[in-house]
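J.: no sequence for this one, just the structure:
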């Protein structure tokens, strides 16, 4: 730790890296004969680990589907959340907004769990939680990017009707599928 002003009535403490609770008090020495040498009431200085946030699991849905992305925050004092969206894992990221990507609706965009629903465009999208910690000198972490792959709904083509004479034997039908 580094101390500034330790021989004055104002002490500045910096550089403590070990979490814990520390107590400081001011001792006054009076050189006069018969004078008391009082101590101040202790000041409490609490150092805690920096805030961290987990990364939600990746997922795959079909267009119009829903997907929830829960995260866990550790060591936060007074934290807020803002979920963000990007079209590339490296960003740039912006706060989630209904309709981006096309058809998207969001619930929980300022909580520890974002749910995205209704995306109408197949593609790969990226989400992260931007955490703000109101504690003094606390970092403001981001979750790692969560990848959401959105696939087109599977389709099936109706088979072609076939007619044949009873004596000819076997008929074959096919119903091609795509996007499934």
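T.: Received it, and whenever you're ready, just let me know what you need. From a predicted model like this one, the values you see are computed outputs, not experimental measurements.
J.: which of the helices or strands spans the most centrally placed residue in the chain?
T.: Using C-alpha atoms, centre = their mean, the residue of the chain that lies closest to the mean C-alpha position is residue 129, 2.5 Å off. Per DSSP states H and E, residue 129 falls inside strand 123-133.
J.: chain center to that strand, what's the gap?
T.: Here strand 123-133 is found 6 Å from its chain centre; the criterion is C-alpha atoms, centre = their mean, to the nearest Å.
J.: I'd like the next helix or strand past that strand.
T.: Heading C-terminal from strand 123-133, the first helix or strand you meet, by DSSP H and E, is strand 146-151.
J.: now do that following strand and strand 123-133, the angle between them.
T.: 150 degrees (axes from the mean of the first three to the mean of the last three C-alpha atoms, to 10 degrees).
J.: mind checking the SS state of the nearest residue to residue 56 once chain neighbours are set aside?
T.: Spatial nearest neighbour of residue 56, excluding adjacent residues (C-beta to C-beta, 6 or more residues apart in numbering): residue 69 at 3.6 Å. Heads up, the C-betas are built off the backbone N, CA and C, glycines and all. Following DSSP: H, G, I helix; E, B strand; the rest coil, the label given to residue 69 is strand.
J.: report the beta-bridge partner residues of residue 69.
T.: Residue 69 forms beta bridges with residue 114, as assigned by DSSP bridges.
J.: again with the one 10 residues further on
T.: Going by DSSP bridges, residue 79 is paired in beta bridges with residue 133.
J.: right, and it touches residue 73 too?
T.: Yes. With contacts counted by C-beta atoms under 8 Å, residue 79 reaches residue 73, the gap being 5.6 Å.
J.: still on that earlier bit, in the strand holding residue 129, which residues are buried?
T.: Residues of strand 123-133 classed as buried by neighbour count (16 or more other C-beta atoms under 10 Å): 125, 126, 127, 128, 129, 130, 131, 133.
J.: mind pulling up the pLDDT for residue 177?
T.: Per-residue confidence (pLDDT) for residue 177: 69.
J.: repeat that for residue 58.
T.: Here, the pLDDT recorded for residue 58 equals 98.
J.: picking up where we left off before, OK, contacts around the residue nearest to the centre of the chain?
T.: When contacts are counted by C-beta atoms under 8 Å, 6 or more residues apart in numbering, residue 129 touches 53, 56, 69, 71, 81, 82, 83, 84, 112, 114, 142, 143.
J.: report the secondary structure state of the fifth one.
T.: The reference is to residue 81. Look at residue 81: counting by three-state DSSP, its state is strand.
J.: residues near it, how many?
T.: 20 (other C-beta atoms under 10 Å).
J.: numbering from 38 from now on, please.
T.: In the new numbering, first residue 38, that becomes residue 118.
J.: is it true that it touches residue 150?
T.: No. Using C-beta under 8 Å, residue 118 is not in contact with residue 150, being 9.2 Å away.
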